[in-house]
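J.: 3D model of this:
(one chain, ligands or ions: 1)
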Amino acid sequence: MAYCRGQPHWGAHLADDLERLVHLHDAYGIAAVIVEPVAGSTGILVPPIGYLQRLRELCDRYGILLIFDEVITAFGRVGAAFAAERFGVLPDILTTAKGLTNGVIPMGAVLVREGIYQALMQGPAEAVEFFHGYTYSGHPVAAAAGLATLSAYEEEGSFEQAKALEPRFEEALHSLRDEPHVIDIRNIGLMGGVELAPRAGEPGVRGFDVFRDCFEQGVVIRNGGDTLQFAPFLNSNNEELERTFDCVRNALRRLH
Ligand SMILES: Cc1ncc(COP(=O)(O)O)c(C=O)c1O
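T.: Reported below is the predicted structural model:
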């Protein structure tokens, strides 16, 4: 399924591997399954159509909690508030961070279903619920940054902006298809991966060389091994996308 645009049609059945693990270990011993709805740092791996639905069904069947790690995918990255919304699958627990404050102030948040929330609220009235002794828990500055960011997303229509930009981003990304060393391109929302053939005996070097070349041209991309990973601003414009991909194209043509 190389050069797939959006969700691959093939691969929903790969979720059935969970059933193999259930038979191996017994469902009773498995509390939860945690997945990134779109795997980020492992190379922008987009879930095949039906894959997350299948995981949800299996978790329901065997009484296993489904956790989505949406540290990357939440808050507009996939053109919706959450990947859960984009893919139409509701997890039991959802983790977030980066986009929660637009990354300007460190903050993470965990969203849970009502039943899980209520389970945590069962303690004695005089005890703090779900207590963690972190120095910076519930920090008012982070909370203020989070609220301001959410307001900005709403006022500027950032999630809709990201959704509207997706086709243009997809075109720009896939325009690299015939450049040297490119062996696969994957994308969903404003997440994109361009995989390069590793140089013999030196995995990761080509990816890093492109990263460095782009940096020297004034554009920051990211490489995870030999996969170039793109996550442009939700409010990027066409010129910024063009400039980014021109730099990548230049870097690829200079690569050996
Ligand atoms: C998908 C995902 N989950 C979790 C983390 C770690 O998040 P934090 O640094 O907020 O603990 C990262 C960091 O990049 C991530 O990409």
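J.: CA atoms only for stretch 243-256, dumped as PDB, please.
T.: This file holds the C-alpha atoms of stretch 243-256, laid out as PDB (Å, rounded to 0.1, in the frame of the first residue of the first chain):
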ATOM      1  CA  ARG A 243       8.500  26.900   0.500                       C
ATOM      2  CA  THR A 244       8.700  23.900   2.800                       C
ATOM      3  CA  PHE A 245       8.400  21.300   0.100                       C
ATOM      4  CA  ASP A 246      10.800  23.200  -2.200                       C
ATOM      5  CA  CYS A 247      13.400  23.000   0.500                       C
ATOM      6  CA  VAL A 248      12.800  19.300   0.900                       C
ATOM      7  CA  ARG A 249      13.000  18.800  -2.800                       C
ATOM      8  CA  ASN A 250      16.300  20.600  -3.000                       C
ATOM      9  CA  ALA A 251      17.600  18.600  -0.100                       C
ATOM     10  CA  LEU A 252      16.600  15.300  -1.700                       C
ATOM     11  CA  ARG A 253      18.200  16.200  -5.000                       C
ATOM     12  CA  ARG A 254      21.500  17.000  -3.200                       C
ATOM     13  CA  LEU A 255      21.400  13.800  -1.200                       C
ATOM     14  CA  HIS A 256      23.700  10.900  -2.000                       C
END
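J.: Could you pick out the residues of the stretch 51-200 of the chain near the ligand for me?
T.: With Cβ under 6 Å from any ligand atom as the criterion, the stretch 51-200 of the chain comes near the ligand at residues Asp69, Val71, Ile72, Ala97, Gly108. Using the backbone N, CA and C atoms, a C-beta is placed for each residue, glycine as well.
J.: could I get these as CSV with secondary structure and distance to Leu190?
T.: Output for those, formatted as CSV (DSSP: H, G, I helix; E, B strand; the rest coil; distance: Cβ to Cβ, whole Å):
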residue, secondary structure, distance to Leu190
Asp69, strand, 18
Val71, coil, 15
Ile72, coil, 11
Ala97, coil, 17
Gly108, coil, 21
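J.: which among these end up buried?
T.: By neighbour count, with 16 or more other Cβ atoms under 10 Å, those hold Asp69, Val71, Ile72, Ala97 as buried.
J.: residues contacting the last one?
T.: With Cβ atoms under 8 Å, 6 or more residues apart in numbering as the criterion, the residues that contact Ala97 are Val71, Met107, Gly108, Ala109.
J.: The same query, at a cut-off of 6 Å, please.
T.: Ala97 makes contact with Val71, Gly108, according to Cβ atoms under 6 Å, 6 or more residues apart in numbering.
J.: show me where pLDDT drops low in the stretch 101-250 of the chain?
T.: Applying pLDDT under 70 to the stretch 101-250 of the chain picks out no residues at all.
J.: mind redoing it with 80?
T.: 132 (pLDDT under 80).
J.: Would you map the strands across it?
T.: Applying DSSP state E, counting those that start in this stretch to the stretch 101-250 of the chain gives strands spanning 109-112, 182-188, 191-196, 222-224, 227-230.
J.: closest to Ala125 out of the ones you listed?
T.: strand 109-112 (20.8 Å; Cβ to Cβ).
J.: List the buried residues in that closest one.
T.: In strand 109-112, counting by 16+ other Cβ under 10 Å, buried: Leu111, Val112.
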